[in-house]
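Undergrad: Next comes the sequence, and after it the predicted model I'd like to discuss.
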Amino acid sequence: MSCLLGVLALAVVGVEPLAWPTTAFLPSQVTATRTTRELLVIDEPHRLAGYHGFVRDTRNSQLPLPHGGVVVRSWQQPEYVTAPIITDGCIATDRGLTYNASVLVANTRWHRRDAAPLSQVALQFHEHECTLFNFAIVWGEEFQHFMLEVLPRIASVWSLIQDTPRACLVLNSGPGARILHELLGVPAERIVVAHANSVHCGAQIVFPDFEQQRKIGLLPPEAYRPIQPLISAWLDSHRSTSANMTEPHQVPHLLLYLRRAAGTDRAVQVEQEQALLAQIEARMRPGYQLEVWEPEGPHGWHVDGPLFGQAALVFGPHGGAFANLPFAPRATRVLEFIAARHSEPQLPPAVPKLDIRPCYWSMATALGQEYWQSEPLKFDFSQPDMLVNVTDILNSMELMGFLA
């Protein structure tokens, strides 16, 4: 099945107009029928185990390395977006499987998971007269995955969307529809939400994807740039509603620390975190303000966006709060506490897995922001009480010009 997927994906470009599809390949074992169509549902056992297709190296930043800690991690990035057009096709379920009578394009990157069985679910077919742009992906209903994978795809084909007279954007349920409508100005009637049992069909389907992307969040440099002016305009109109945002064009001044709640995965050990923040407060240069993003507070992109919009620095342990980086200015610097190479100790020695998660490095690069990484002294993606290198963090912030 995995070989079939590869062959079909290569055949997408240049597909001739065909009759409405009669076959779809869905990752379950249920057959669903409709009067005019029959969906042949085939189980897909293919899984991508581990990490594939990377070139990993390290390069020094242009700044000095006081203790060997200020290092920019570099992975292979996709260089451009592809947007093949499938004629007379359908988008099946919230996984965004796109097909017609001859071809199938599916999301097969490393984070692919088998879909829950569609057991006895009657698939609902929807016909559309507009050109469908498919942005429904695995986990696309979650905020951080929408910001990491869906939003940059939309940005990369933004001009094509605007130039298409009748364009409809297909995406997962969740916050995406409101973000598109309020942040980017997409009319609500041009947003189609894909659900687990829905099939959306049209004469033309555009499938934007990043060429040779092999890992979540690995994006082409400057991928967000086409929509950054729209985000800036939205921020200017909303800053007056936030406590620290009183002037529309106030110079970014916040040192925004992304705290994770004590006892949660990757939370910094409480006493060490308190000591770190106290030293930052004591050494902070005039004109800057330390702001702690509290995980227990009221959140939502419309609440957090204006806060990130005033950040001169966003820093903290690896986590989903970094997905708010698109709201931060291009001049913002990012300092993430994350292990560059982390092994999975729970796996047997015979099945080693090197866990590398460069998604926020790549996101910052795609936003034009400068990224710094600090290697923790004790780290596990699935455990609390991270121990960070306080000296390295303070030295990095001093080199950035935030601390005396």
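TA: That came through, no problem.
Undergrad: going forward, measure contacts between C-alpha atoms and count neighbours the same way
TA: Fine.
Undergrad: Look up how far residue 104 lies from residue 201.
TA: Counting by Cα to Cα, to the nearest Å, the separation of residue 201 from residue 104 is 14 Å.
Undergrad: oh sorry, the question was meant for residue 293
TA: Distance of residue 293 to residue 104, computed by Cα to Cα: 43 Å.
Undergrad: who's more crowded, the two?
TA: Per other Cα atoms under 10 Å, whichever of residue 293 and residue 104 has more neighbours is residue 104, with 26 against 19.
Undergrad: I figured the more buried one was touching residue 91, is that so?
TA: No. The pair residue 104 / residue 91 is not scored as a contact, 9.9 Å apart, by Cα atoms under 8 Å.
Undergrad: okay, and the common contacts of these two?
TA: Listed as contacting both residue 104 and residue 91 by Cα atoms under 8 Å, 6 or more residues apart in numbering are 97, 98.
Undergrad: Give me the phi and psi for residue 101.
TA: Per-residue torsions, residue 101: phi -70, psi -20 (degrees, to the nearest 10).
Undergrad: was I right about it contacting residue 89?
TA: Yes. Here residue 101 reaches residue 89: they are 7.5 Å apart, a contact under Cα under 8 Å.
Undergrad: if you count what's nearby, which of the two comes out ahead?
TA: Set side by side, residue 101 and residue 89 show more neighbours around residue 89, with 28 against 17, by other Cα under 10 Å.
Undergrad: any idea how far that one lies from residue 100?
TA: Going from residue 89 to residue 100 by Cα to Cα gives 4 Å.
Undergrad: Repeat that for residue 277.
TA: Residue 277 is 56 Å from residue 100, by Cα to Cα.
Undergrad: okay, the two: which has more neighbours?
TA: Each of residue 277 and residue 100 has its neighbours counted (other Cα under 10 Å); residue 100 has more, 25 against 17.
Undergrad: From residue 153, how far off is the more buried one?
TA: For residue 100, the distance to residue 153 - Cα to Cα - is 22 Å.
Undergrad: what do you get for residue 366?
TA: 11 Å.
Undergrad: Who has more neighbours out of the two?
TA: When residue 366 and residue 153 are compared for neighbours, residue 153 comes out ahead with 25 against 21, by other Cα under 10 Å.
Undergrad: Give me the residues contacting the host helix or strand of that one.
TA: Here residue 153, judged by DSSP states H and E, is contained in helix 151-156. For helix 151-156, the surrounding residues in contact (Cα under 8 Å, 6+ apart) are 81, 135, 208, 209, 210, 219, 223, 224, 225, 226, 227.
Undergrad: Heading C-terminal from that helix, find the next helix or strand.
TA: Heading C-terminal from helix 151-156 (DSSP H and E), you reach helix 158-163.
Undergrad: What average pLDDT does that next one get?
TA: The predicted model gives helix 158-163 an average pLDDT of 90.
Undergrad: Show me the contact partners of that helix.
TA: 167, 226, 227.
Undergrad: Contact partners for the last one?
TA: Contact partners of residue 227, counting by Cα under 8 Å, 6+ apart, are 155, 158, 184.
Undergrad: among the residues you listed, which ones are buried?
TA: Taking 16 or more other Cα atoms under 10 Å as the criterion, what is buried in those is 155, 184.
Undergrad: hang on, the earlier thing: need the residues touching each of residue 366 and residue 153.
TA: Any residue near both residue 366 and residue 153 by Cα under 8 Å, 6+ apart counts here, and that gives residue 223.
Undergrad: residue ranges of the strands in the stretch 201-350 of the chain, please?
TA: For the stretch 201-350 of the chain, strands defined by DSSP state E, counting those that start in this stretch occupy the ranges 209-210, 254-258, 289-293, 311-317, 333-337, 342-343.
Undergrad: Residue 360 touches residue 324, doesn't it?
TA: No. Contact criterion Cα under 8 Å: residue 360 and residue 324 do not qualify, at 10.2 Å.
Undergrad: more crowded one of those two?
TA: Between residue 360 and residue 324, counting by other Cα under 10 Å, residue 360 is the more crowded of the two (24 against 21).
Undergrad: Am I right that the more buried one sits in a strand?
TA: No. Membership of residue 360 in a strand is not supported by DSSP: H, G, I helix; E, B strand; the rest coil, which gives helix.
Undergrad: quick one: contacts for the closest residue to it other than its chain neighbours?
TA: Taking Cα to Cα, 6 or more residues apart in numbering, and ignoring the residues beside it in sequence, residue 360 has residue 322 as its nearest neighbour in space, at 6.8 Å. By Cα under 8 Å, 6+ apart, the residues touching residue 322 are 258, 314, 360.
Undergrad: how about low-confidence regions in the stretch 201-350 of the chain?
TA: Within the stretch 201-350 of the chain, the stretches with pLDDT under 70 are 211-216, 240-250, 341-350.
Undergrad: give me every residue that touches residue 187.
TA: By Cα under 8 Å, 6+ apart, the contact set of residue 187 is residue 181.
Undergrad: Next, give phi and psi for it.
TA: Backbone torsions for residue 187, taken as degrees, to the nearest 10, come to phi -60, psi 140.
Undergrad: Quick check: which element contains the closest residue to residue 222 other than its chain neighbours?
TA: Leaving aside its sequence neighbours, residue 222 sits nearest to residue 366 (Cα to Cα, 6+ apart; 4.0 Å). The secondary structure element spanning residue 366 is helix 359-367 (assigned by DSSP H and E).
Undergrad: Does that helix pack against any helices or strands, and if so which?
TA: Under the contact criterion of 3 or more Cα pairs under 8 Å, 6 or more residues apart in numbering; DSSP states H and E, helix 359-367 touches strand 370-374.
Undergrad: just checking, what's the longest helix in this protein?
TA: As assigned by DSSP state H, the longest helix anywhere in the chain is helix 270-283.
Undergrad: hang on, residue 388 packs against residue 377?
TA: Yes. When contacts are counted by Cα under 8 Å, residue 388 is listed as touching residue 377 (5.4 Å).
Undergrad: More neighbours: which of the two?
TA: Higher neighbour count among residue 388 and residue 377: residue 388, with 23 against 13, using other Cα under 10 Å.
Undergrad: Look at the residue nearest to the more buried one when sequence neighbours are not counted and tell me its secondary structure.
TA: Spatially, and ignoring its direct neighbours in sequence, residue 388 is nearest to residue 376 (4.2 Å; Cα to Cα, 6+ apart). Look at residue 376: counting by three-state DSSP, its state is coil.
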